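**Q** need coordinates for the following:
(chains A and B)
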Amino acid sequence: MHKEHYQTNSNLIFGLGLHSAAIIAFQLALMQLISVVQWHHFAYMIISIAMLGFGASGTLLALAREKLLRMSHWLVPMLMTFSGLCMMVAFRVTRTDFFQFDVYLLFVERSQFPILAANYLIFFIPFFTGALAIGILFIRHARQIGTYYFSNLLGSGIGGLLVLFLFGNIFPQQTPPIIGLLSVTAGLISISRKYRARHIVLGVVSVFTAIYLVHQPGTIRISQYKSLAQALNLPDAEVIYSNPDIHGLIDVAASPALRYAPALSLTYSGEVPVKKNVFVNGDYYGVIPRYREGQTSHILDYTTQSLPWAMQHRNNVLMFNAGEGAPLAHVFSKQPSHVDAPIPNGGIVSMMKDHFAEASGRLFLKENLDIHNVEARNFLAGTRKRAYDLIVLPHQDAFGGTAGINALQENYTMTLESFALMWDHLAPGGVIAASAWTDYPSRNTLKLLATMVQTLQDKGSGKPQKHIAAVRSWGTITFILKKTPVTAAEEEDIRRFARERSFDPLILPTITEGERQRYNMIEDEDFFLYVDKILDGDKDFLDDYGFMIHPATDDRPYFGQFIKLASLPKLSKVFGGDQLPFLELGYLIVMVTLLQSTFLAVLFIILPLFRLRKSHRGKGGTLLYFGALGIGYMFVEIILIQRFVLYFGHPVYALSAVISTMLIASGAGSLLSGKLTASPRSPAVVGLVVTLMLLFYTFFLTPVLQWSIAGPLTAKILISLLLIGIPSFFKGFMFPLGIRYLAGYDQGQIPWAWGINGSFSVISTSLAMLIAVEAGFMSVMTIAVICYAIASGVFFLHRWFFKQKVPAG
Amino acid sequence: MIIPKNFLYLFVFFVIAVTGGTLKADNDSFERDRNRMVRTQIQARGIRDRATLDAMRNVPRHLYVPAVQRRYAYQDRPLPIGYGQTISQPYIVAYMTEIIRPEPGHKVLEIGTGSGYQAAILAEIIDQVYTIEIIGALGRQARQKLEAQYDNVHVKIADGYYGWEEHAPFDAIVVTAAAEYIPPPLVEQLKEGGRMIIPVGSPFQMQQLMLVEKQSDGTFTTRSLMPVRFVPFERE
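**A** Coordinates of the predicted model:
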């Protein structure tokens, strides 16, 4: 090992770790805050731009490398502190009248565009200044990059965990000042005595700012189009409960005008009950039910959701949507003997059991109710119970539609694999019940039906027409998938249920065309044709339909995604280009994110850097190596997050576990990379190891996870640490090995490498998402393998890429 | 410096001439936009009812949108009016008006006054419009505009759930905001043979409307209407 590896400033390394923790924590906190005030896809959009700060810092470093390095002794701490100060105030500034942006208005109000640009700039500053500090350190200590990169990654890993702790204990708007203080502290630690006096003023200002902002957090001004804001517009509306939770901010609002009766039958003549509404991150979640022990009727009896109870009594029930409150009260009004309710959001369960226990008639404390703090899919995989009379799925799409904002939200409950699992857990006469709001053009309902039909075909259970029943009201359709054929007596019960409520049967073994539209007519009668084609298993119909209505799978778990790239021209022709965002906003936002981040990355980072260093040789190799690392690392991270969300059944925990394990393991790899020589052979061989490892994962990761998904938690944690940690450890070698090689080959290319790596990482986030939607996770993994193969290949062919004798490491 | 009086008069005259001219030019321009809107967005999509078309030509839509949105008033899209509410796309307003078959002598209840534009269109055609808005600020703004223009529009700020029992039954009910359920009192307040129109789906989604018809025997039928028809593939 080289002697220079030990010549490091421990304060500086510690400060770097602290600052890195702040940057990642700020990124996550900002995403959470933006999810509260807007919605989560916009969070990706703005973060991708903000993260360009990393790339842009590389550009500046390349432009003014010598000057920046000369000033680095006082500039790095100053940048850390300034970045921390900006973290504290950035979000607050964007919620002032002048800068307040509303993503919902983007497509109807052009004046939002300059405000959006201003928001980008405000969020860009802390990332840019923060990344510049890190970049300067990496270049100044290029030969000890392993140690510095280790500190950077370890700090980032810890930052991810820290923010989880903050989410669970303080309100989201209080997190940025606390996080910002970490960077301020990092600045104070890193500065030498000589410059401390001039730095102290900025430090003191920052500390007082943080104290003020934590003590005066104010309320978050959420978009007027979020469901919480709309509820608060009602007369005498108020938030009566608010609690931070790692799953999101929980609010409960009350107003005499907040009522609950989704798609209520027109035959209902009673009073529609007033209900307190529950919101998570400002989005409607459910209601506080008012259950009375012994009650035998419920408002939902007058909706299609009551269909399974019209057929027969159900003893053992599994509810996927119990957290919404009212459906659980409905089920208990039918006196089941036992109900299992997997509810991953622990904050909701605690609230119902404690704060609203009496208000909800102690519903969540009932003895014959078992609440499981995990996703339903994981509960099913782990339970031995195999005799449910009824499995109730969550209502598909919110009322009024979410305008497709959840299009790219992974939903492992609604995949074919999940339906197969549910089927295996049904009692002989048991049913799976799923309801959906009718939409136009029809998407949700057709996809739900296609999933049920495919499940029957996969299980070899005969004609779908005999196992599926459905009833339609003016606003919803409830489908029943029955393990044994629907009997004649059940058919009659369904017909009576529908008739009494002015609903129409949609699917029955002996349905006639005339009875499908007795009470509720549809102007576009082709809908019935589509339903019949799906029941007949017409695959061509699914392929040809203008929207994606093929069943979702674990490889493409996007039940809410319906837009097909190939259909966009036709949709644009039918509805008008201006109307496309109203069909599916989520998908389009990710496309826009990818385009804008690619455009800006090329314009501000890659092009200037290409022009700048015309004389440098080996630029192609640097671009390929660091670009491939940027894409490969992010693609693997996204794949692992998806796989482990399903494995643990806890998105938040999975996210933090994957990110933190990856960063810490990569940090360890980075630290040990110093033991390898900086010859081209090192990155070539390590790259090959990573490529082979990921190739193995492409084929065997999913089977290994499926095999162990029902295992004890300790074993699952151990397996995860190994599966995430080992490749991440080796991946951690690659960036510092590349930098060290450049340090010997051409120091001037280091800022460029840093910029390229940052830009490609940013582009990768939305790119991976689009590839996953269009082609599945398997394709994302395959591309990651190719990226590492390219990175390895660059150094196997170093004589071709770096045309110069390689100096000794 | 003392400015001669005549110059002052001249200046005032100039300002009045310019601003007056601009206002007139604006009004002419809005009228042109409105006629174009009716021709290209409404008639072109199949709205034929003469009374509806006349009303859409007569009501200055730009007066019912916030000042900052005025220049977009005649564009083919919904516009934000604050409080998370929107003024519907012109075509949808025309479609909802035509579908309830409004006639002179009719009494119509509107739930969700919003900007007041739909109520103004109805007031051009029928005898009495009763409109209820739950958001106080919106209701007050709309009342001010509507009462200045029409004496057959009555605005109430209240929860639309209970309808307006004193003036029931109604020939038609127009619900302008999407509703998760149809309040039983509204169903009660609809005349036999009456029609109720309700949007299903958020304003940020493809519009889907529902027509509720009260039959002579007191029962109800519903019809899902698709203002923009989508044929997913060419059939053989």
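**Q** C-alpha only now, for contacts and for neighbours.
**A** Fine.
**Q** how about whichever residue of the stretch 651-800 of chain A sits closest to chain B, secondary structure?
**A** Nearest residue of the stretch 651-800 of chain A to chain B, counting by Cα to the nearest Cα: residue A:774, 19.6 Å away. For residue A:774, the assignment made with DSSP: H, G, I helix; E, B strand; the rest coil gives helix.
**Q** biggest strand in chain B, by residue count?
**A** Longest strand in chain B, counting residues (DSSP state E): strand B:190-200.
**Q** buried set for it?
**A** By 16 or more other Cα atoms under 10 Å in any protein chain shown, the buried positions in strand B:190-200 come out as B:190-192, B:194-200.
**Q** report the strands that pair with whatever helix or strand comes next after it, each with its relative direction.
**A** On the C-terminal side of strand B:190-200, the closest following helix or strand by DSSP states H and E is strand B:208-214. Strand B:208-214 has these partner strands in its sheet, going by DSSP bridges: strand B:190-200 (antiparallel), strand B:220-225 (antiparallel).
**Q** got the CA coordinates for strand B:208-214 in CSV?
**A** Coordinates of the C-alpha atoms in strand B:208-214 are reproduced here as CSV (Å, rounded to 0.1, in the frame of the first residue of the first chain):
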residue,chain,number,x,y,z
GLN,B,208,-67.2,11.3,-18.3
LEU,B,209,-70.7,12.4,-17.4
MET,B,210,-73.7,10.6,-16.0
LEU,B,211,-77.3,11.4,-16.7
VAL,B,212,-79.9,10.4,-14.1
GLU,B,213,-83.5,10.2,-15.3
LYS,B,214,-86.4,10.0,-12.9
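**Q** residues in contact with that strand?
**A** A:439-440, A:474, B:190-201, B:220-227 (Cα atoms under 8 Å, 6 or more residues apart in numbering or on different chains).
**Q** distance from it to the middle of the chain?
**A** Distance of strand B:208-214 from its chain centroid, counting by Cα atoms, centre = their mean, to the nearest Å, is 18 Å.
**Q** before we move on, back to that, got the buried residues of strand B:190-200 as a markdown table, with distance to residue A:779 columns?
**A** As requested, the buried residues of strand B:190-200 are exported to a markdown table (distance: Cα to Cα, whole Å):
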| residue | distance to residue A:779 |
| --- | --- |
| B:190 | 57 |
| B:191 | 60 |
| B:192 | 60 |
| B:194 | 56 |
| B:195 | 53 |
| B:196 | 50 |
| B:197 | 47 |
| B:198 | 44 |
| B:199 | 41 |
| B:200 | 38 |
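**Q** turn the residues you listed into a markdown table, columns for pLDDT.
**A** Output for the buried residues of strand B:190-200, formatted as a markdown table (pLDDT from 0 to 100):
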| residue | pLDDT |
| --- | --- |
| B:190 | 95 |
| B:191 | 94 |
| B:192 | 93 |
| B:194 | 94 |
| B:195 | 95 |
| B:196 | 95 |
| B:197 | 93 |
| B:198 | 88 |
| B:199 | 82 |
| B:200 | 75 |
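**Q** just those residues now: which is nearest residue A:800?
**A** Of all those, residue A:800 sits closest to residue B:200, with 63.2 Å by Cα to Cα.
**Q** that closest one touches residue B:178, doesn't it?
**A** Yes - between residue B:200 and residue B:178 there is a contact under Cα atoms under 8 Å: 5.3 Å.
**Q** all helices of chain B, in order?
**A** For chain B, the helices defined by DSSP state H cover B:5-37, B:50-58, B:90-99, B:117-125, B:136-149, B:184-188.
**Q** out of these, nearest to residue A:519?
**A** helix B:184-188 (15.1 Å).
**Q** pLDDT on the closest one, on average?
**A** Mean per-residue pLDDT for helix B:184-188: 92.
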